[in-house]
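give the three-dimensional model of this entry:
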Amino acid sequence: MRRLKDAVRDELFDALSSPDISNEDFKQSISSERLYPLYGIARQAKPRGRPRKVEDGDDA
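All right, here's what the predicted structure looks like:
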């Protein structure tokens, strides 16, 4: 977890010091969808909320 935090801090420093990086590029670079696989982090929390309603023919 520490390596992930350091990576996000480095991305923030790069974004603040470079005028070429847009807000959207920065947000995408620190997104969990991008960083979690790189650092081997898996979602541990179970999905919250009410389960989806199963309708006829659905396997959900």
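
use CA for all of it now, contacts and neighbours both
OK.

grab the longest helix from this protein for me.
Ordering each helix of the chain by length in residues (DSSP state H) puts helix 2-17 first.

tell me the buried residues in that helix?
4, 8, 11-12, 15 (16 or more other Cα atoms under 10 Å).

JSON lines for these, including distance to Arg48 and pLDDT?
Formatted as JSON lines, the buried residues of helix 2-17 follow (distance: Cα to Cα, whole Å; pLDDT from 0 to 100):
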{"residue": "Leu4", "distance to Arg48": "25", "pLDDT": "89"}
{"residue": "Val8", "distance to Arg48": "26", "pLDDT": "91"}
{"residue": "Glu11", "distance to Arg48": "30", "pLDDT": "91"}
{"residue": "Leu12", "distance to Arg48": "30", "pLDDT": "93"}
{"residue": "Ala15", "distance to Arg48": "33", "pLDDT": "92"}
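
ranges for the strands of this structure?
In the chain, no strands are found when defined by DSSP state E.

show me which residues of the lowest-mean-pLDDT helix or strand in it are buried.
Using mean pLDDT, DSSP states H and E, the weakest-scoring helix or strand in the chain turns out to be helix 32-39, at a mean of 89. Residues of helix 32-39 classed as buried: Leu35 (neighbour count, 16+ other Cα under 10 Å).

was I right about Ser29 contacting Glu11?
Yes. Using Cα atoms under 8 Å as the test, Ser29 is close enough to Glu11 to be in contact (7.4 Å).

helices or strands up against the least confident helix or strand of the chain?
helix 2-17 (3 or more Cα pairs under 8 Å, 6 or more residues apart in numbering; DSSP states H and E).

nearest to Tyr39 among the buried residues of helix 2-17?
Leu4 (6.7 Å; Cα to Cα).

report pLDDT for Asp58.
At Asp58, the model reports a pLDDT of 61.

if you could redo that for Ser31, that was the one I meant.
pLDDT at Ser31 comes out at 91.

also Asn23?
Looking at Asn23, the pLDDT reads 91.

now do Ser17 against Asp10, distance only.
11 Å (Cα to Cα, to the nearest Å).

before we move on, back to that, and the buried residues of helix 2-17, which two are furthest apart?
Across the buried residues of helix 2-17, no pair lies farther apart than Leu4 and Ala15, at 16.5 Å, counting by Cα to Cα.
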